[in-house]
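Visitor: The amino acid sequence is not available; the structure is as follows:
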DNA sequence: CGCCCATTTGACAGCTTTCAAATCGCGTGG
DNA sequence: CCACGCGATTTGAAAGCTGTCAAATGGGCG
């Protein structure tokens, strides 16, 4: 039953942040929601929208972005399976930035009041969700450093390492061979570079034998080398082994 | 009584995020804490520390920072009066980055369990604190854009506008003339620039008549001009008029 | 087969960094 | 009251990474 709800990826993710009891898992499973499918490029949220709903990402990728006054676009986060995409908006009532589908996605849409009431009523759920938003903040700080202090090669290698581990943790794929959701243009919008420069830098990384790309698939040929190239250390992701706490969730369920 | 506790700045700040009732204000006032004074440069937290305490900033400035593998330092946030400086660390058990005093500061030190228990037990306090951490995340996203998409002049002007409004909101000073806590070196570490380039850029801003500096004091000569120069829009700060919700807090107290 | 979007390439300009070295400001001690 | 010392600010010249602007090439889908 836990396995079959569309919300299970979210519950699994939360349980990894803080152990949840059976009543809490049941309460999460009981959240009213409807599932929707959106095609690549669709807006889930536009900057300034009031947060009336919270979307749980069930499959695919979405990204948050914001534009400067001159129209330059910056991607500020990438979300994958299980993420409570607009929880931050719910906490602030309005959206600071737009959220758009990077690939075809399916989402569960939950009314904001429902998720907010549940989050505030149960200390364990609050802790799990809150911690989850704090991990997102930690990732954001790392992105800031990446953009501010790394050169193009480091920035790109760093992001590739991060997405490898996050996709692995979300149970979407293997670490060394995974679906790469970004065009080179979008990779530039994420790392603060031009698509032209992204292209040249990717060529270098390929020439160095660190990775290969085919279609939207990315293959890491040399994980250790890529980590070094990206000055990457995984601590900021606060990854927790999937099994133990999940087991706990099942135990108590 | 509300006014006289060292924790009042924090309570005022939280009440601006979400209305608090008298029992909640009392619970916050009852938090066990001791006040400490730290001199400029002291470490409040070091990367990797376990979060056993949460510090409430009572006066002065602190900043979070992290270093790359090559030793380049990046400041990822600046905190001022009333901020629950290491709430994010408490939520994740360990600190991702170091926190250091930018000026002489005084802080109230609260045991982590105490503040966590209170935050999770009271829905209104949870909402207020959670929203507050989400505003910090919003600021972080704006900093990312600032560093990734703005040139040196825009980055610096943007930060100056932000600190003006945040200090005004914290009730520390006037918007157009305020204490500037950063050296040019640190301003560079915040905006992803070299101190040399920061210096040259500040000279340009001064020559344009947008601002003046004397000692650690910053005077904005042309607020509108500075906003334009910094491509600055205040929305992301989620500032709320101080009076209404504070009044509410007093009413119910 | 053709269209459209994404990737690739080239040459050149420009913002920022680098590396010193000089100057300034200010608190301290004589 | 003035000299000293140290950190912060300022200045110069040269190198480098990244951006800009087109234009060509490639690949997938109808």
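Guide: All right, it came through fine. This is a predicted model, so every value here is computed, not measured.
Visitor: got the phi/psi numbers for residue A:35?
Guide: Here is the backbone geometry of residue A:35 (degrees, to the nearest 10): phi -100, psi 140.
Visitor: what residues are up against it?
Guide: A:6, A:58, A:106-109 (CB atoms under 8 Å, 6 or more residues apart in numbering or on different chains). Every C-beta, even on glycine, is put in place using the N, C-alpha and C of the backbone.
Visitor: what's across from it in the sheet?
Guide: residue A:108 (DSSP bridges).
Visitor: Once you drop chain neighbours, what's closest to residue A:49?
Guide: Leaving aside its sequence neighbours, residue A:49 sits nearest to residue A:95 (CB to CB, 6 or more residues apart in numbering or on different chains; 4.7 Å).
Visitor: What is the burial count for that neighbour?
Guide: Per other CB atoms under 10 Å in any protein chain shown, the neighbour tally for residue A:95 reads 21.
Visitor: Enumerate every residue touching it.
Guide: A:45-51, A:86, A:89.
Visitor: Let me know the closest of those residues to DNA strand D.
Guide: Within those, proximity to DNA strand D (CB to the nearest atom of the strand) peaks at residue A:47, which comes in at 22.5 Å.
Visitor: how near is that closest one to residue A:83?
Guide: To residue A:83, residue A:47 is 19 Å away according to CB to CB, to the nearest Å.
Visitor: Over to residue A:227?
Guide: From residue A:227 over to residue A:83 (counting by CB to CB), the distance is 24 Å.
Visitor: The two: which has the busier surroundings?
Guide: residue A:83 (24 against 19).
Visitor: the strands in the stretch 1-150 of chain A, which residues?
Guide: Taking DSSP state E, counting those that start in this stretch as the criterion, the stretch 1-150 of chain A carries its strands at A:34-38, A:43-45, A:53-59, A:62-67, A:73-79, A:98-101, A:105-111.
Visitor: circling back: distance to DNA strand D added to the contacts of residue A:95, as CSV?
Guide: Output for these, formatted as CSV (distance: CB to the nearest atom of the strand, whole Å):
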residue, distance to DNA strand D
A:45, 27
A:46, 25
A:47, 22
A:48, 26
A:49, 29
A:50, 34
A:51, 32
A:86, 29
A:89, 29
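Visitor: interface residues of chain A facing DNA strand C?
Guide: A:183-185, A:195-196, A:199-200, A:202-203 (CB under 7 Å from any atom of the strand).
Visitor: The residues you listed also near chain B: which ones?
Guide: Checking these against chain B by CB under 8 Å from any CB of the partner chain, not one of them is in range.
Visitor: ok, of those, which come out buried?
Guide: Using 16 or more other CB atoms under 10 Å in any protein chain shown as the burial test, the residues of chain A next to DNA strand C include A:184, A:202 as buried.
Visitor: Among the residues of chain A next to DNA strand C, which one sits closest to DNA strand D?
Guide: For the residues of chain A next to DNA strand C, the nearest to DNA strand D is residue A:196 (3.8 Å; CB to the nearest atom of the strand).
Visitor: Could you find the closest non-adjacent residue to residue A:103?
Guide: Here the residue nearest residue A:103, using CB to CB, 6+ apart, is residue A:60, at 4.4 Å.
Visitor: Which positions in the stretch 1-150 of chain A make contact with chain B?
Guide: Counting by CB under 8 Å from any CB, the stretch 1-150 of chain A sits next to chain B at A:64, A:66, A:68-70, A:72, A:74, A:76-77, A:88, A:91-92, A:96-97, A:116, A:119-121, A:123, A:126-127, A:130-131, A:133-138, A:140-145, A:147-150.
Visitor: Mind checking which of those are in helices?
Guide: Using DSSP state H, the members of those that fall within helices are A:88, A:91-92, A:116, A:119-121, A:123, A:126-127, A:130-131, A:133-138, A:140-145, A:147-149.
Visitor: Could I have the buried ones of these as PyMOL selection syntax?
Guide: In PyMOL, this line selects whichever of those come out buried by 16+ other CB under 10 Å:
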select buried, chain A and resi 88+91+92+116+119+120+123+126+127+130+131+133+134+135+136+137+138+140+141+142+143+144+145+147+148+149
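Visitor: Any stretches of the stretch 101-250 of chain A with poor pLDDT?
Guide: A:241-250 (pLDDT under 70).
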